[in-house]
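[1] Quick one, what's the 3D model for this:
(one chain, ligands or ions: 1)
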Amino acid sequence: MQLLRDADIDPAPLAGKRVAILGYGNQGRAQSLNLHDSGIDVIVGLRGGSGSANEAEAAGLRIALLDEAVGSADVVMMLAPDEIHGALYKEIEPHLRSGVALGFSHGLSVRFGLVAPRADLDVFLVAPKGPGTALRSLYRAGRGMIALWAVEQDASGNARGIALAYGQAIGCARAGLIASSFAEEAEADLFNEQAVVWGGVPELLVAGFDTLVAGGVAPEVALLECVGELKLIADLIDERGIAGMREVISNTAELGALIGGKRIIDESVRKRMAEVLAEVRAGRFARELESEEASGYPRLERSRTDDRASLLERTRMELRKAED
Ligand SMILES: NC(=O)c1ccc[n+]([C@@H]2O[C@H](COP(=O)([O-])OP(=O)(O)OC[C@H]3O[C@@H](n4cnc5c(N)ncnc54)[C@H](OP(=O)(O)O)[C@@H]3O)[C@@H](O)[C@H]2O)c1
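    Numbering: from 1, shown residues only. You can find the predicted model right below:
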């Protein structure tokens, strides 16, 4: 494993360069502000009528319409939602000056062909491994968030230097930059979202909650057991690892976990995880994401409504109110 930190990185490839950040959402906001505070010349590129314009300006950032921001930049960072990268790239391509660097914080749109960058461009990835809100708060605290980096296209011969200097300027090299590829980052990230932290874990919590409630346990007790302890175990794993977490829990919890964990996450689960990975690699999810966007996000809207109306969520709100 090669983990690069500030002392290993030359900031010169970004010196005197202008970086256009396209999109001022979760990552766009954090990366623009971190770059700005690192002394980089930043311009935020927004579509006409963007609701984010006032906020970016109030934060002291220069803003411009997409074509103007792109036309003035040496580095252009695609920080709008992945599913619109194809349309966004088509819109900005005529304004990209020859030889500029095009950056991404997720490998999806390049790996799965939503964007096919022009041959004269450098194409790089700096993917912070966490949300923009944390990227910003860590930077402000003098710390950083670990990130993966990669180069897909090196037209200038300087793409590696630009990628690393960019990762440094957003604060990630304070924690470490790990070499990867667009394909590896995209596939591992999509796999995790579906099978592990964002897909698997919440469904496990809901299934546990439902099972206890169906077994006659009060919803608030089921909630405290199955959902309430998640932060505790997440913090313990973060601080001590899985082995260290097991050392500090009671013998009762440790033996229960040993017997029950492998019974629930058995070979059939691992087999379905392998299927998810194979489907991700075949581009199935990227196609579903594009079609969800094209039809106005009906599945996401329905699931958001269902989640808000669920017994688990209503119990959580009631408990919150009672605690206040
Ligand atoms: N969320 C995270 O923390 C996270 C973590 C790691 C990597 N990433 C990656 O970072 C990238 C950005 O993700 P995000 O979650 O930060 O996105 P996001 O918050 O959903 O991005 C919202 C921004 O994108 C702009 N936008 C939306 N549609 C647009 C369009 N058609 N044309 C131009 N601008 C448009 C919005 O403009 P308006 O202001 O006009 O609405 C807004 O400024 C993605 O590649 C994602 O995979 C995200």
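[2] Can you find the residue of the stretch 1-150 of the chain that comes nearest to the ligand?
    When scored by CB to the nearest ligand atom, the stretch 1-150 of the chain has residue 25 as its residue closest to the ligand, at 2.0 Å. Every C-beta, even on glycine, is put in place using the N, C-alpha and C of the backbone.
[3] Now for that residue: which residues touch it?
    Residue 25 sits next to 52, 79, 80, 81, 132 when contact means CB atoms under 8 Å, 6 or more residues apart in numbering.
[4] can we see that at 7 Å?
    residue 79 (CB atoms under 7 Å, 6 or more residues apart in numbering).
[5] Checking residue 97 next. Helix, strand or coil?
    With DSSP: H, G, I helix; E, B strand; the rest coil as the basis, the three-state label of residue 97 is coil.
[6] Nearest residue to it in space, please, no chain neighbours.
    Leaving aside its sequence neighbours, residue 97 sits nearest to residue 71 (CB to CB, 6 or more residues apart in numbering; 6.9 Å).
[7] Kindly report the same for residue 26.
    Using CB to CB, 6+ apart, the closest residue to residue 26 is residue 132 (3.8 Å).
[8] Could you report the neighbour count for that neighbour?
    22 (other CB atoms under 10 Å).
[9] cool, residue 89 as well?
    Residues near residue 89, counting by other CB under 10 Å: 22.
[10] That one sits in which helix or strand?
    helix 85-92 (DSSP states H and E).
[11] contacting residues around that helix?
    22, 66, 67, 70, 78, 80, 109, 114, 115.
[12] Now do the strands in this structure.
    Ranges of strands within the chain are 3-4, 18-22, 41-46, 62-65, 75-78, 101-104, 122-128, 147-153, 177-179, based on DSSP state E.
[13] Adjacent strands (with direction) for the shortest one?
    Strands that pair with strand 3-4, judged by DSSP bridges, come out as strand 177-179 (antiparallel).
[14] starting at the chain centroid, how far to stretch 269-288?
    19 Å (CA atoms, centre = their mean, to the nearest Å).
[15] what's residue 213 in contact with, if anything?
    Contact partners of residue 213, counting by CB under 7 Å, 6+ apart, are 219, 222, 311.
[16] From these, list just the buried residues.
    Buried members of the contacts of residue 213, scored by 16 or more other CB atoms under 10 Å, are 219, 222.
[17] What's the separation between the residue of the chain positioned farthest from its centre and residue 210?
    Here the centre of the chain is the reference, and by CA atoms, centre = their mean the most remote residue is residue 216, at 38.4 Å. Here residue 216 is placed at a distance of 12 Å from residue 210 (CB to CB, to the nearest Å).
[18] Next up, the contacts around the nearest residue to residue 101 once chain neighbours are set aside.
    Distance criterion CB to CB, 6+ apart; nearest residue to residue 101, sequence neighbours excluded, is residue 122 at 4.0 Å. The neighbours of residue 122, taking CB under 7 Å, 6+ apart as the test, are 101, 102, 153, 154, 155, 156, 158, 159, 162.
[19] Which strand residues bridge the second one?
    Just to be clear, that refers to residue 102. Assessed by DSSP bridges, residue 102 has beta-bridge partners residue 76, residue 123.
[20] I figured it hits residue 119, correct?
    No - counting by CB atoms under 7 Å, residue 102 stays clear of residue 119, with 11.7 Å between them.
[21] For the two, indicate the residue with more neighbours.
    The neighbour comparison of residue 102 against residue 119 (other CB under 10 Å) goes to residue 102, with 26 against 8.
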